[in-house]
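J.: this one's sequence-less:
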């Protein structure tokens with residue numbers, strides 16, 4: 001930890017852990033935010049997953065620090081009911097495949113990243 005309350009990841013990248021975002025329905029989702037070294041508005045990658053923020057899908061994607069070093073804000077967010085996020089986790093495979101899937105927090109996550117004054121790109125759950 002250092003003076004900004006985050007972790008120095010090297011080369012100007014910093015990690016802010018456990019950032020809470022309240023969704024429109026009041027549920028709080030918890031994120032880790034990797035800040036790029038550049039100042040000003042930067043594009044943002046939002047990744048939601050049920051596997052925990054520490055994994056950050058590094059098996060499939062480059063590590064979030066790599067993206068941050070290349071100028072992206074990276075927000076890794078626990079889905080509802082997983083990790084430190086509130087609510088109940090519902091496995092998509094257990095849903096009726098013909099029933100519409102309700103939007104459960106995407107807009108709130110995008111609003112969270114928009115508050116960073118960033119251009120938003122979304123990596124879907």
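T.: Sure thing, it's come through. As the structure is a computational prediction, the values presented were derived from the model and not from experiment.

J.: from here on, just use CA atoms for contacts and neighbour counts.
T.: Noted.

J.: contacts for the longest strand along the chain?
T.: If you go by DSSP state E, the chain has its longest strand at strand 13-22. Residues outside strand 13-22 that contact it (CA atoms under 8 Å, 6 or more residues apart in numbering): 5-9, 28-37, 65, 68-69, 108-109, 112.

J.: those residues, buried ones only, as a PyMOL selection?
T.: Here is the PyMOL command that selects the buried residues among those (16 or more other CA atoms under 10 Å):
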select buried, resi 6+8+28+29+30+31+32+33+34+35+36+37+65+68+69+108+109+112
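
J.: please narrow the contacts of strand 13-22 to those residing in strands.
T.: Among these, the residues falling in strands (DSSP E) are 7, 8, 9, 28, 29, 30, 31, 32, 33, 34, 35.

J.: show me what the second one is bridged to.
T.: Which is residue 8. Legend: beta-bridge partners of residue 8 under DSSP bridges are residue 14.

J.: pLDDT value on it, please?
T.: Residue 8 carries a pLDDT value of 96.

J.: thinking again about what came up before, closest to residue 81 among the ones in strands among the contacts of strand 13-22?
T.: residue 29 (8.8 Å; CA to CA).

J.: residues touching the closest one, list them.
T.: 20, 21, 22, 23, 77, 78, 79, 80, 84, 85, 86.

J.: just the buried ones from these?
T.: For these, a burial check counting by 16+ other CA under 10 Å picks out 20, 21, 23, 77, 78, 79, 80, 84, 85, 86.

J.: now the two most distant members of these.
T.: 23 and 84 (14.4 Å).

J.: show me where the protein has helices.
T.: Along the chain, counting by DSSP state H, helices occupy 64-69, 106-114.

J.: mean pLDDT lowest for which of these?
T.: Averaging pLDDT over each of those puts helix 106-114 lowest, since it has a mean of 52.
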